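K.L.:
pasting the sequence and the predicted coordinates here, then a few questions.
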Amino acid sequence: MNTTTSATPPEALRTRMVDRIVQAGHARSSRVEKALRAVPRHRFLPNATVEEAYADRSVITKRGSDGAALSCASQPTVVAMMLDQLDVNPGDRILEVGAGTGYNAALLAHLTGPSGQVTSIDIDPEVTAQTRRALDATGYGHIHVITGDGALGAADHAPYDRIIVTVGAWDISPAWWDQLAPGGRLVVPLRWRGQTRSVAFTRAGDRLRSDSVELCGFVPMIGQDGEHDGRIDTDGHVALYWDADQPIDPDVLRGVLDRRGTAVWSGVTVGVGESFDGVWLRLTGTEPGTCRIAADPAAVDTGLCAPAIPSRSPALVEGGSLAYFTQRHRDEDGTGRRWELGAIGHGPAGLGLAGRLCEQIRAWDRDRTAQPVITAYPAGTPDDRLPGGHVIDKPSARLVISYRPGNP
């Protein structure tokens, strides 16, 4: 049962939550804003306090025996961002993959209205049982809740005008493709090259084409696993994470950090609060060796490895060489609160890799808001049918990542 530690009623807390979301640039659609103001999020989080329910953070609702999050209520700003991307119309038929708490399904039902239909599917029967209870208790008993593998969709209620995936996906399931109506939209937190983006696709014939790509993070979908990892130092303090389609061998790289590194600086600086995740996104569309590097505190403290963000920074790998994204303080304005972005290379090709990474930092700096177009084709599509761009192969899809002319 929800409790509160203050006299502020839930309605006032909900108003504040939505005001923050709007100020952050989300809920751009007035219909999304109205839905967020109407649906009581705290009613879907019975084990959280009312303050926790309306804070701008995710709430874990189920953990595994190892403590890993198995299900959660997404951060409200991310919920609003993805609803903006989905662009629901009254009367739409919607599939939600990943039931969560039922809150997102209620928002979808509010958006599609009485003439529409919402189906929510989750593989965990405990999650779907709780979702069913919450929806029934809040007046959304008409929403279909199914226990099953979300990767298979829900064919009985297809085709769908909109499909939204609220768990981290490694691949684009063929079932989502088949069950999405022509011209329909798919919004999916898709993972590639060590990072996750919420990608909004529109179906056009035999392909899906993106028009929005936003940074996000989600609990991964059960049964989809295409990321490998391995330690590259003797003591096991530095790990690489790479995709199944990349020819990266940690054994070949082991010990490369013991070789003297060479730093290359881009001349590009960022201040406090300025995001530079766009560099990583750009690398995924230009450099085939893009992956993720993670360094434990011991590696950072000893100077073995100094990624810009120790737990998750992009790196480039080529054979037995690598370069990783780093930063250093610059005192341009006398405050010492700016950082220059660069790369540190190790191994025979390390200097060249670091230089290439810096080239992409500069390209990002020329237009920090540029987004790529991501076009997805079914696996097995011949190369000569793909448009120009960098190709990333998934088991069920081929992604082509390209930047529009004018977005260098």
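P.N.:
That came in fine, so what should we check first?

K.L.:
look up phi and psi at D249.
P.N.:
In terms of degrees, to the nearest 10, the main-chain angles of D249 are phi -120, psi 110.

K.L.:
for V317, see how far away it is.
P.N.:
According to C-beta to C-beta, to the nearest Å, D249 and V317 sit 9 Å apart. Using the backbone N, CA and C atoms, a C-beta is placed for each residue, glycine as well.

K.L.:
look at these two and report which has more neighbours.
P.N.:
V317 (29 against 16; other C-beta atoms under 10 Å).

K.L.:
run me through the strand neighbours of the host helix or strand of the more buried one, direction for each.
P.N.:
Per DSSP states H and E, V317 falls inside strand 313-318. Note on strand 313-318: by DSSP bridges, its sheet partners are strand 290-295 (antiparallel), strand 321-330 (antiparallel).

K.L.:
helices and strands of this structure: which one bottoms out on pLDDT?
P.N.:
strand 69-73 (a mean of 66; mean pLDDT, DSSP states H and E).

K.L.:
re the thing from before, mean confidence score for the strand holding V317?
P.N.:
The pLDDT scores in strand 313-318 average 98.

K.L.:
care to break the chain down by domain?
P.N.:
58-215, 227-366 (automatic domain parsing).

K.L.:
can I get those in TSV with distance to A376?
P.N.:
Below are the domains of the chain laid out as TSV (distance: least, C-beta to C-beta, whole Å):
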stretch	distance to A376
domain 58-215	4
domain 227-366	14
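
K.L.:
nearest to T381, out of these?
P.N.:
domain 58-215 (7.8 Å; C-beta to C-beta).

K.L.:
which helix is the longest one in the protein?
P.N.:
helix 350-366 (DSSP state H).

K.L.:
pull out the buried residues from that one.
P.N.:
350-354, 356-361, 363-365 (16 or more other C-beta atoms under 10 Å).

K.L.:
could I get the average pLDDT for it?
P.N.:
pLDDT averaged over helix 350-366 gives 97.

K.L.:
for stretch 251-258, same thing?
P.N.:
95.

K.L.:
distance from that stretch to the middle of the chain?
P.N.:
30 Å (C-alpha atoms, centre = their mean, to the nearest Å).

K.L.:
wait, doesn't I123 sit right on D149?
P.N.:
Yes. I123 is in contact with D149 according to C-beta atoms under 8 Å; the separation is 5.4 Å.

K.L.:
compare the two and say which is more crowded by neighbours.
P.N.:
Shown here are I123 and D149; by other C-beta under 10 Å, I123 has more neighbours (20 against 16).

K.L.:
per-residue pLDDT, the more buried one?
P.N.:
Confidence score, pLDDT, at I123: 93.

K.L.:
what do you get for E332?
P.N.:
Predicted confidence (pLDDT) for E332: 65.

K.L.:
TSV for the buried residues of helix 350-366, including distance to G261?
P.N.:
Formatted as TSV, the buried residues of helix 350-366 follow (distance: C-beta to C-beta, whole Å):
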residue	distance to G261
G350	7
L351	9
G352	13
L353	11
A354	9
R356	16
L357	13
C358	14
E359	18
Q360	19
I361	17
A363	23
W364	22
D365	23
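
K.L.:
looking at those, spot the one nearest P159.
P.N.:
Of all these, P159 sits closest to W364, with 38.3 Å by C-beta to C-beta.

K.L.:
low-confidence stretches in the stretch 201-350 of the chain?
P.N.:
218-224, 332-336 (pLDDT under 70).

K.L.:
ranges for the strands of it?
P.N.:
207-215, 227-231, 238-243, 262-271, 290-295, 313-318, 321-330, 338-346 (DSSP state E, counting those that start in this stretch).

K.L.:
residue contacts, K394?
P.N.:
170-172, 192, 226, 245, 379 (C-beta atoms under 8 Å, 6 or more residues apart in numbering).
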